[in-house]
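Visitor: Have a look at this prediction, sequence included:
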Amino acid sequence: MIRHLLNRPLIRRLSWAVVTLWGVTLLAFLVLYRIPADPAVALAGPSAAGDPAVVQSIRARLRLDQPVWVQYGDFLLRLSRGDLGQSYVKGTPVREAITAVLPNTLLLGLSGWACWLVLGTGIGVLVAARPGKVSEGLLLAFSILGASTPAFWIGILLLYVFVARLGWFPAGGTGTPKHLVLPLITLAASGVAYYARLAHSAMSDTLREDFIRTAKAKGLSPTVIVMRHALRNALLPLVTIAGADLAALLGGVVFTESVFAWNGLGQLAVEAVAGLDIPVIMGVVLVSGVLVVAANLVVDLIYPIIDPRIRSGT
Amino acid sequence: MPNLSRTRFLRAASSALALLSLCLLAGCGSASNGSGATATPSGAEGGKTLVVAIPDDVKSLDPALAFDTWSTMIVHACTRRLVDYDDAGKLVPDLAERWEVSDDGKNYTFHLRDAKFADGTAIASKHFRAALHRVQDPKTGSPGAGFYRGIVSVETPDPKTLAIELDKPDPTLLNLVGLTFLAPELPGADKGKPSPSGPYQVESVSGSEVVLKRNPHDNRNPSRLGGIRVQLKVNDALRTTRFRTGEVDLLPGIPPADYPRVMANAAEKRGVVQGPVNQTWYFGMKVDRAPWSNPVVRQAALLAIDRTKHARLSGPGEPANGILPPHLPGADAARTLPGQNVAEAKRLLAEAGFANGVPGRTALWINTTADYLRHAQAIQSDLAAVGIQVDLKPVSNTQYLSGYRREADCWYGGWYPDFPDAGNFLEPLFLGGEKAASNATHYNNPVVNRLLTQARTTPLGPERNVLYKQAEDQLLKDLPWVPLYFEVETRWFKEGVTGVKVHPVWRQMLTGIDKR
């Protein structure tokens, strides 16, 4: 395993990951500085915003009076020391703000991702393994409904039914496993529907392959055929998509966190964008980039485990 | 991976995932935030905890930096200043039990009463001086620095005396020392929180909640509450749900979607209190840009816009009959403005050569909130009815604040003074010349400039009020603004909660509230 991790392709991938992240920060920085708004004016508030001396002192405190390239240089220098700077709005370290909410987002995001893969794939595989008009019709309806219903609408509906009407769950917030249930359903619904459809399609195709016919001819049980022979082949496209879909998942987390006042990275990002809190925006962009790059790296490493032909280069 | 079979790897990975999930769940169970939170103020044994839910975050609890509604609300609850405002908005002594003003109006001497910070330290004049120096220091970047530019020296001859000298007479100094910027500051204390000199102290701050506990040394706190939990960033739907399920005791307003239903329900309406605040919402125009540079077009805009509709759209607001809110000292509460008269607006425009409508279109700047959009659409349709075409330009709030002063030809906005004074309201908006940077309409009338400048150093009282009335008369002739409505705010509270009010100056106020 260790030898596999340290071989050259991995180092090459890690190098590209660093270059990608640097590109992401540069692009984000340049875009933010093209926005025709002044964070110092917003911080001064409606009345003091008209006082040039006050605005200038805020600008100087935040080093916004420096050229863009100097500010970006400052950012990179701080980053090399593991420092993401200080929030313009709150004056507190960005690293603290992110580490305070990151566990919440990881909990929600990873749980959602796990639901997509485990539940979605499970439903799709089950229906493909036992095909029937009713089950396939239900799957089609579920996948269309799930994929076409916006997450925020599902969230509001769940809040109305399970919180306002039935009182089964708390009204948003974070803290206990009970707080997680409704946001998780909201976040997972569309992904589960999508992955169920995808898994069903991949599994159905695999089950029509020659090697499956051979396995059946050898007298293997349907369960062994599906679990040991077909599933691994069907999983490969799903794993590829799951890595790429992490970015979409992070986008979904923003909506879900806003609907349920889930104290996470998405909510932090929304506030930071609203207040043009550039250090926080940069921190969130960087952390999101790291998560997406890391997920894709993990997917690359999982390939050879699922399909030995990739490892052996055949 | 030669020594690890695929089955064993997948088993190990599943176990690791399960362990991670358990760790995360255990972790999230130990730090409860928001709904269902277990955080209770540690000093709350002697009293109940009030739970309040607000829509936004608090930007900063440093008194030198806090200037938005919610940060100020919390800093206010944790501090006392030299003076305060009573429920009618009148200045009253607070930590200063009395003061003297020199004959030339340039020297103020305050005499402090006995009071203590939450840690038992006696509050002394040096603590006010420390706060003032930090606000004045350009390195602090305080949004309040401009208020105190006229203070040339602060002396503390003894712990109970504070002497302030000004470069020129300023009758509003008492208002300035009442702002939360000048809350007394303990040396060496955490600058991220107010030094607790008031009824409460900050116990904890998280991303979703601020917890306050009672200050045992504030013996003038009439409330028996043990503490207050302020839930942050709670959206409209969740605020209403938490309120209805009993999790929250007080909302600082009724979300717009619930307002008509609550006000139509007699039982729910018993938990509602409303009151005016010193805020005017208006339609602003740059008087040096077409078509608004033509006074007839501005006059036609006044007659075209239905101000009662805007008051209705706001909920409890009152149609504006002037620029200054009626309860602001210096305002003429009996003033009236002509109502909507489309025929007269069209006649005026036809006489000015615009019988077929005013040529061209201008952008009406608003921020992207639903409230702004509603009012902007009403303005747009009223103006279109008389032949003035505007396009809506919704931008982020940051862009709006940066842009409306410089770029916008016209905009919808609200304005409230930092303290109850007509000069503090009118000067930043309409004084031309040296302070033109804050004058978004680019209005510059020598008559108004003279009146505002003269009133600035005139002692508080009838003579000063007359000057502001004359200035407002002239402004309403020139119409750089069409005033739309005066803000009336609402609070919604549970049965058993008492002392909730809309304070005309502080607006959102946590002090004085109790819970049975």
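Guide: Yep, that arrived. Residues are numbered from 1 along each chain as shown, chains lettered A, B, ... in the order given.

Visitor: Flag the shaky bits of the chain, pLDDT-wise.
Guide: Went with chain A since none was named. A:1-8, A:307-314 (pLDDT under 70).

Visitor: Oops, wrong one, chain B.
Guide: B:1-46, B:434-437.

Visitor: Now for the residue sitting nearest the centre point of it: which residues touch it?
Guide: The C-alpha lying nearest the average C-alpha coordinate of chain B belongs to B:T69 (Cα atoms, centre = their mean; 4.2 Å). Shown in contact with B:T69 (Cβ atoms under 8 Å, 6 or more residues apart in numbering or on different chains): B:56, B:507-508. Glycine gets a C-beta too; all of them are placed from N, C-alpha and C.

Visitor: what are the phi and psi angles of it?
Guide: phi -50, psi -50 (degrees, to the nearest 10).

Visitor: cool, and B:I366?
Guide: phi -140, psi 160.

Visitor: same question, B:A118
Guide: The phi/psi pair for B:A118 (degrees, to the nearest 10) is phi -60, psi -30.

Visitor: With B:A163 instead?
Guide: Per degrees, to the nearest 10, the backbone of B:A163 is at phi -110, psi 120.

Visitor: Next: the one 10 residues further on.
Guide: Summarising the backbone geometry of B:L173 under the convention degrees, to the nearest 10, its torsions are phi -60, psi -40.

Visitor: May I see the buried residues of the top helix by length along chain A?
Guide: Counting by DSSP state H, the longest helix found in chain A is helix A:177-207. For helix A:177-207, burial by neighbour count (16 or more other Cβ atoms under 10 Å in any protein chain shown) applies to A:179-180, A:182-200, A:202-204, A:206-207.

Visitor: So what's the gap between stretch A:51-66 and the chain middle?
Guide: On the basis of Cα atoms, centre = their mean, to the nearest Å, stretch A:51-66 sits 36 Å off its chain's mean C-alpha point.

Visitor: Does that stretch reach chain B?
Guide: Yes. Using Cβ under 8 Å from any Cβ of the partner chain, stretch A:51-66 reaches chain B at A:51-54, A:57-58, A:60-62.

Visitor: Now B:G246: phi and psi?
Guide: Dihedral angles for B:G246 - degrees, to the nearest 10 - are phi 90, psi 10.

Visitor: still on that earlier bit, out of the buried residues of helix A:177-207, who's near chain B?
Guide: A:179-180.

Visitor: Could you pull out the helices in the stretch 401-516 of chain B for me?
Guide: Taking DSSP state H, counting those that start in this stretch, the helices of the stretch 401-516 of chain B run over residues B:422-430, B:446-456, B:462-478.

Visitor: Spatially, what comes nearest to A:L14 if we skip its sequence neighbours?
Guide: A:L297 (7.5 Å; Cβ to Cβ, 6 or more residues apart in numbering or on different chains).

Visitor: That neighbour sits in which helix or strand?
Guide: helix A:278-306 (DSSP states H and E).

Visitor: ditto for A:R95
Guide: helix A:94-114.

Visitor: my read: B:E487 touches B:Q279, true?
Guide: Yes. In this structure, B:E487 is within contact of B:Q279 by Cβ atoms under 8 Å, at 3.8 Å.

Visitor: Mind listing the shared neighbours of the two?
Guide: B:325, B:414, B:416.

Visitor: B:E487 and B:Q279 - which one has more neighbours?
Guide: B:E487 (24 against 19; other Cβ atoms under 10 Å in any protein chain shown).

Visitor: follow-up on the earlier one: quick one: the residue nearest to the centre of chain B from B:H76, how far?
Guide: Separation of B:T69 from B:H76 (Cβ to Cβ, to the nearest Å) stands at 10 Å.

Visitor: Next, count neighbours for residue 145.
Guide: By default, I'm working from chain A. 12.

Visitor: wrong chain, I was asking about chain B
Guide: B:A145, neighbours per other Cβ under 10 Å, totals 23.

Visitor: which residues touch it?
Guide: A:53-54, A:57, B:135-136, B:138.

Visitor: just the buried members of these?
Guide: A:54, A:57, B:135-136.

Visitor: ok so, going back, among the shared contacts of B:E487 and B:Q279, name the ones in strands.
Guide: Taking DSSP state E as the definition of strands, the shared contacts of B:E487 and B:Q279 contribute B:G414.

Visitor: Which one (most neighbours) among the shared contacts of B:E487 and B:Q279?
Guide: Result: B:P325 is most packed of these (other Cβ under 10 Å), 25 neighbours.

Visitor: show me where the stretch 251-400 of chain B has helices.
Guide: Under DSSP H, counting those that start in this stretch, the stretch 251-400 of chain B gives helices at B:259-263, B:266-269, B:295-304, B:307-313, B:342-351, B:370-385, B:397-403.
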